[in-house]
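Q: A structural model of the following input is requested.
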Amino acid sequence: MPKKTNSTTARYKPRKTRDLPVLVCPSCGRQCMTKSGLTLHRMSRHGYQPTRAHTSQRDECEETALHLLSCPTLHPLRVQFAIVDDVPLMKLCFSKRLAQFLIAVERNYTMP
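A: I've put the predicted structure just below:
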């Protein structure tokens, strides 16, 4: 009679610890299996303070479309989308360029 195998052992081979990637502490050389483990080790043993993402500052800048068209911070993006000051506002309002510009502002820029 043939021996039955467990369905999980037939499909998956257990990984050996030595096959997994290792993260090394730059201060002491300790090896950790996960990025969070390395971060926790560095924080508790070496006083490491991870840099955090900047919180949004959008509420400090007016987000009306009219303001975004004149905001000095967004000048490079306006140039990229060929939105120049001499185009009449009514013509620009229904253009595809303005829609693409506003989408790019939403995705890429944190307002000053």
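Q: doesn't residue 101 make contact with residue 78?
A: Yes. Contact criterion Cβ atoms under 8 Å: residue 78 and residue 101 qualify, at 6.8 Å. No exception for glycine: its C-beta is placed from N, CA and C like everyone else's.
Q: Compare these two (neighbour count), which wins?
A: Taking other Cβ atoms under 10 Å, residue 78 and residue 101 do not tie; residue 101 has more neighbours (22 against 19).
Q: I'd guess the more buried one is in a strand, am I close?
A: No. Residue 101: not assigned to a strand; according to DSSP: H, G, I helix; E, B strand; the rest coil it is helix.
Q: distance of it from residue 77?
A: 7 Å (Cβ to Cβ, to the nearest Å).
Q: What of residue 41?
A: For residue 41, the distance to residue 77 - Cβ to Cβ - is 41 Å.
Q: repeat for residue 50
A: Taking Cβ to Cβ, one finds residue 50 at 30 Å from residue 77.
Q: Of these two, which one has the most company?
A: Per other Cβ under 10 Å, whichever of residue 50 and residue 77 has more neighbours is residue 77, with 16 against 7.
Q: so who does the residue lying closest to the more buried one once chain neighbours are set aside touch?
A: Spatial nearest neighbour of residue 77, excluding adjacent residues (Cβ to Cβ, 6 or more residues apart in numbering): residue 104 at 6.0 Å. By Cβ atoms under 8 Å, 6 or more residues apart in numbering, residue 104 lies in contact with 77, 80, 81.
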